[in-house]
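Participant: coordinates only, sequence not included:
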Ligand SMILES: Cc1cc2nc3c(=O)[nH]c(=O)nc-3n(C[C@H](O)[C@H](O)[C@H](O)COP(=O)(O)OP(=O)(O)OC[C@H]3O[C@@H](n4cnc5c(N)ncnc54)[C@H](O)[C@@H]3O)c2cc1C
Ligand code: FES
Ligand code: FES
């Protein structure tokens, strides 16, 4: 099928884009189109106007500072994945991005678009929630920053207002003592995951002081579970995680299989994050000694 | 009132072409119907099969997931643009095309344009892939005929041909 007719604008400046969105309640932002165009072609969405933000200047930047890494609205998944700053400052972003779709989709799809598209089966909404990041949005009324924990209202529903453009997303830097892990199981590499799990573990010497895991594809919104108290007990960790999740049956997997994957991946990813924290801590000590 | 039409210029295979299209015209349809470049094939029309893959500023992109009006600032290469100049009017097959011919990398040929564009860009980034890397390079494209074995061979052979030619 083909998309229904829409009016099309390709503004050259942000202000113009914001005015166009404010003027038409039926307008939608077009970024990489890797989620929106299929929805239009299947006629699951029929906006009156598309505001194409691809010509807006300055939005394709990826940069790091004391707050972490920032990803502009037009940075493609491929650009973010290739960024050495991102890998150094917050490696969980790179690890998860390598599992987002196929390279061809990553060449066009934007990381910010994926975050605001709010698909609970997508990697980046979970990652930004687990890391406690934020999205900065603009409208004709000005700018505001939405913390990740307030970003998701329901399946495919973010808390952005229809007249807002997300201008960049921020992922906090990996803190001293922290390590990260990520794993997912998909039918084929590049497909949406049946279950995906990310973890951040913080150690102090030999002690684990914090262990948190984020889950995708097993709940309506990206879900983060604190597993510090269950450290070292796989069954207790899986039990706690599953009590916060809602694995469902679909054509790809049964709910029981998804619950099994939650158990297996939770243990695997916590161990990987712990090892990562240890490796970084000893690399840090070597640097201090040297 | 009729649907609004946009007069746009598309840069395709090194030529600037003018077309008049509604905003909802997919780039894949603009290439095939408005420009007559039917080498780009359309399978699923929602990003999954890869048959419609073209190069946008050198990178593989699904042409069924882009609107023609969004492609105005880009340089597009379709399968028709892959042949290399050799002094003859048609040019010669590129290394990737030659390898597909030698290795039986196609049967019905429906998926082939998407594979050729994807592999062309893939070998530019990684001129000497391992077999695993060759497999990964084509993981986003579907073929219902070959079982992929000869396509993987074609990737590896294309790498050799390019090496021999350079
Ligand atoms: C075959 C295929 C496989 C895929 N597999 C995966 C996968 O495994 N994991 C995964 O995470 N994703 C996957 N995707 C989706 C992909 O990651 C998309 O790129 C991403 O979801 C959306 O980014 P986009 O820039 O393409 O946004 P668009 O499609 O342009 O927009 C998506 C939505 O977000 C809104 N939007 C986008 N940008 C902004 C902005 N800056 N401000 C306000 N609103 C905005 C749009 O209005 C629209 O509602 C897949 C896609 C395809 C086609
Ligand atoms: S037709 Fe575009 S990916 Fe299938
Ligand atoms: S050769 Fe027939 S689909 Fe690939």
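Facilitator: Yes, it's here. A quick note: this is a predicted structure, and the numbers were derived from the prediction, not measured. Ligands and ions are numbered 1, 2, ... in the order given.

Participant: residues touching the residue nearest the centre of chain A, list them.
Facilitator: In chain A, the centroid-proximal residue (Cα atoms, centre = their mean) is residue A:124; its distance is 1.4 Å. Residues in contact with residue A:124 (Cβ atoms under 8 Å, 6 or more residues apart in numbering or on different chains) are A:93, A:96-97, A:100, A:111, A:114-115. To be clear about C-beta, it is placed using only N, CA and C from the backbone, and glycine gets the same treatment.

Participant: Quick check: next helix or strand after the host helix or strand of it?
Facilitator: Residue A:124 is part of helix A:123-131, with elements assigned from DSSP states H and E. Next helix or strand after helix A:123-131 toward the C-terminus (DSSP H and E): strand A:134-139.

Participant: what sits up against the following helix or strand past that following strand?
Facilitator: Going down the chain from strand A:134-139, the next helix or strand is strand A:142-147, by DSSP H and E. Strand A:142-147 is contacted from outside by A:132-137, A:159-160, A:167, using Cβ under 8 Å, 6+ apart.

Participant: could you flag which of those residues are buried?
Facilitator: Neighbour counting with 16 or more other Cβ atoms under 10 Å in any protein chain shown marks A:132-137, A:160, A:167 as buried within the contacts of strand A:142-147.

Participant: And the residue nearest to the centre of chain A, how close does it get to ligand 3?
Facilitator: 32 Å (Cβ to the nearest ligand atom, to the nearest Å).

Participant: confidence score at that residue?
Facilitator: Model confidence at residue A:124, given as pLDDT, is 98.

Participant: neighbours of the closest residue to it other than its chain neighbours, just the number please.
Facilitator: Closest residue in space to residue A:124, ignoring its immediate chain neighbours: residue A:114 at 4.6 Å, by Cβ to Cβ, 6 or more residues apart in numbering or on different chains. By other Cβ atoms under 10 Å in any protein chain shown, the residues close to residue A:114 number 26.

Participant: Repeat that for residue A:25.
Facilitator: By other Cβ under 10 Å, neighbour count at residue A:25 equals 11.

Participant: Am I right that it is in a strand?
Facilitator: No. Judged by DSSP: H, G, I helix; E, B strand; the rest coil, residue A:25 forms no part of a strand; its state is coil.

Participant: wait, what's in contact with it?
Facilitator: By Cβ under 8 Å, 6+ apart, residue A:25 lies in contact with residue A:162.

Participant: One more pass at 10 Å, please.
Facilitator: Neighbouring residues of residue A:25 by Cβ atoms under 10 Å, 6 or more residues apart in numbering or on different chains: A:47-49, A:162-163.

Participant: for residue A:123, same thing?
Facilitator: Taking Cβ under 10 Å, 6+ apart, we find residue A:123 in contact with A:77, A:92-93, A:95-101, A:111, A:114-115, A:182, A:184, A:192-193, A:196, A:198, A:214, A:216-217, A:222.

Participant: Name only those of the residues you listed that count as buried.
Facilitator: When neighbours are counted using 16+ other Cβ under 10 Å, the contacts of residue A:123 contain these buried positions: A:77, A:92-93, A:95-97, A:99-101, A:111, A:114-115, A:182, A:184, A:192-193, A:196, A:198, A:214, A:216-217, A:222.

Participant: just checking, which of those belong to strands?
Facilitator: A:182, A:184, A:193, A:196, A:198, A:214, A:216 (DSSP state E).

Participant: thought residue A:33 was touching residue A:107?
Facilitator: No. With contacts counted by Cβ atoms under 10 Å, residue A:33 stays clear of residue A:107, the gap being 11.8 Å.

Participant: intersection of neighbour lists for the two?
Facilitator: B:61-62.

Participant: Those two - which one has more neighbours?
Facilitator: Neighbour count, other Cβ under 10 Å: between residue A:33 and residue A:107, residue A:33 has more, with 27 against 24.

Participant: The more buried one looks like it's in a strand, true?
Facilitator: No. Per three-state DSSP, residue A:33 lies outside any strand segment and is coil.

Participant: Next, count neighbours for residue B:37.
Facilitator: Residue B:37 has 21 neighbours, counted by other Cβ under 10 Å.

Participant: all strands of chain B, in order?
Facilitator: Secondary structure of chain B (DSSP E): strands at B:5-12, B:15-22, B:53-56, B:59-62, B:75-77.

Participant: Listing partners with orientation, what would you give for the fourth one?
Facilitator: Spelled out, that is strand B:59-62. strand B:53-56 (antiparallel) (DSSP bridges).

Participant: can you tell if the partner strand touches ligand 1?
Facilitator: No. Interface with ligand 1: strand B:53-56 contributes nothing (Cβ under 6 Å from any ligand atom), its closest point being 11.5 Å away.

Participant: tell me the mean pLDDT over that strand?
Facilitator: The model assigns strand B:53-56 a mean pLDDT of 98.

Participant: So that strand, near ligand 2 or not?
Facilitator: No. Against ligand 2, strand B:53-56 shows no contacts by Cβ under 6 Å from any ligand atom, the least distance being 7.0 Å.

Participant: How far does that strand sit from its chain's centre?
Facilitator: Distance, stretch centre to chain centre, for strand B:53-56: 5 Å (Cα atoms, centre = their mean, to the nearest Å).

Participant: any idea how far the closest residue to residue A:42 other than its chain neighbours lies from residue A:40?
Facilitator: Leaving aside its sequence neighbours, residue A:42 sits nearest to residue A:1 (Cβ to Cβ, 6+ apart; 6.2 Å). With distances taken as Cβ to Cβ, to the nearest Å, residue A:1 is found 9 Å from residue A:40.

Participant: Which residues are in contact with each of the two?
Facilitator: Both residue A:1 and residue A:40 are contacted by residue B:46, under the criterion Cβ under 10 Å, 6+ apart.

Participant: If you count surrounding residues, which of these two has more?
Facilitator: Per other Cβ under 10 Å, whichever of residue A:1 and residue A:40 has more neighbours is residue A:40, with 25 against 9.
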